[in-house]
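[1] Here's my sequence, what's the structure:
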Amino acid sequence: MEKALWYLLAGTRGGPNRVRLIRAIEDRPRNANQLAEYVGLDYNTVRHHLDMLLEHDVIERSGDEYGALYFLTDRFERHRETFEQVTERMDVERAEAESGTESVEARDED
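    Now for the predicted structure:
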């Protein structure tokens, strides 16, 4: 699960949107349409991200296709600490990119 979280969240362009979807589901279970409205993304984009999260066992679906609610899986909950570490690292990297600085780790590698 650790590798899957790094890939899904930090290794792809869609990572920040997936974090937003996970946080929205964490708040309360929602269906795809509710998630699209809540995070302000196109419905089809949300469905794509949900499919990726389903495929990697981060979320599970309950109910019929259109009205199905999404929940975080027990497996994800057991790896929540990794999720928090990944998102913290993403926040640090985004802040560094915005300020034009690089991390101490990156400077040490040079």
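
[2] And the longest helix seen in the chain, what does it pack against?
    Counting residues, the longest helix found in the chain (DSSP state H) is helix 80-99. Here helix 80-99 touches helix 2-5, helix 15-27, going by 3 or more C-beta pairs under 8 Å, 6 or more residues apart in numbering; DSSP states H and E. (Each C-beta comes from the backbone N, C-alpha and C, glycine too.)

[3] give me that answer again for 10 Å
    Other elements packing on helix 80-99 under the criterion 3 or more C-beta pairs under 10 Å, 6 or more residues apart in numbering; DSSP states H and E are helix 2-5, helix 15-27, helix 74-78, helix 104-109.

[4] Report the inter-axis angle for that helix versus helix 15-27.
    Using axes from the mean of the first three to the mean of the last three C-alpha atoms, to 10 degrees, the direction of helix 80-99 lies 140 degrees away from that of helix 15-27.

[5] can you give me the mean pLDDT across helix 80-99?
    Mean pLDDT, computed over helix 80-99, is 89.

[6] Residues touching that helix, excluding its own?
    Helix 80-99 has contacts (C-beta atoms under 10 Å, 6 or more residues apart in numbering) with 1-11, 15-16, 19, 22-23, 26, 58, 72, 76-77, 79, 101-103, 105-106.
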